[in-house]
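Build me a model from this:
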Amino acid sequence: MRLLWKFADFGRAVRRRMRFGILSRAPIEILRVEWQADFIACDWLARAADEWDADLASHVSEENASIQALHDAIALRKLLFAEWPHAQTAHLRTFRQRTDGRQELIITGTVTSDAEISSRIASTAMRAKLLGFQFWFHGGSLTALESEEFAMNL
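Predicted coordinates for the structure are as follows:
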C-alpha cells in the first residue's frame, strides 16, 4: 500500500510543482512511471505551446515549446530523485503529440542522481545535455528522434 501512496505523492508533486511551465501554461501529462529498487523510468507528453503564442510566428512558438520541454525534463529529473531518494539512475523520455494523434519521441536520456551542473551555465539546452539528455535541435525546435537507439548515438 505504501508503494501506491508513493506514486500518488509523485503525481500530486508533479501537479503542484509543475502545474505551469515557464513558457507554457498547458499541463504536463505523465504517461508512465516505473520504479525498480534504484532505477526509475518515466515517460511524459511535452506541454503544448501556450495559447498566447498563437499570434507569434510559428518558429517562435515552436522554439518556446522546445525550451519548455527541456525545462520540464530538467525539473522532472530533479523531482523524481527528490521523491525516490534511493534511486541512482532514471530513464526519462519526452514525447510530443502530433496533429495526427501519434506521439513522437523528442527527448530521451538515462540520467543519474549525482550529476551536478554549474549554475553559471545559462543555456537550457547545454544544462540538459550535461545532465545526460539526448535530443536534436533543428532551427531552434526539437525534432523527432527516429528511435531510441538512434537517440543514444547522438
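
What does the pLDDT read for D50?
D50 carries a pLDDT score of 71 in this model.

So, low pLDDT: which residues of this structure?
1, 3-4, 7, 11, 13-14, 16-24, 53-54, 147-154 (pLDDT under 70).

What's the separation between R127 and E116?
Distance, R127 to E116, by Cβ to Cβ, to the nearest Å: 11 Å. Just so you know, the C-beta spots here come from the backbone N, C-alpha and C atoms, and that holds for glycine as well.

Of those two, which one has the most company?
The neighbour comparison of R127 against E116 (other Cβ atoms under 10 Å) goes to R127, with 18 against 8.

Show me what the host helix or strand of L70 is packed against.
Using DSSP states H and E, L70 sits in helix 58-83. Helix 58-83 sits against helix 2-17, strand 39-45, strand 89-97, strand 103-112, helix 124-131, strand 133-135, strand 141-142, with contacts defined as 3 or more Cβ pairs under 8 Å, 6 or more residues apart in numbering; DSSP states H and E.

Ok, which of these comes nearest A82?
helix 2-17 (7.9 Å; Cβ to Cβ).

Tell me who's in contact with T110.
T110 is in contact with T89, A90, H91, L92, G132, counting by Cβ atoms under 8 Å, 6 or more residues apart in numbering.

so how far is the helix holding L70 from its chain's centroid?
5 Å (Cα atoms, centre = their mean, to the nearest Å).

angle of that helix against strand 89-97?
Counting by axes from the mean of the first three to the mean of the last three Cα atoms, to 10 degrees, helix 58-83 lies at 150 degrees to strand 89-97.

coming back round to it: from the contacts of T110, list just the buried residues.
T89, A90, H91, L92, G132 (16 or more other Cβ atoms under 10 Å).

between these, which is closest to T143?
L92 (18.0 Å).

That closest one contacts T112, correct?
No - L92 lies out of contact with T112 (Cβ atoms under 8 Å); the separation is 11.4 Å.

still on that earlier bit, next, the buried residues of the helix holding L70.
61-77, 79-81, 83.
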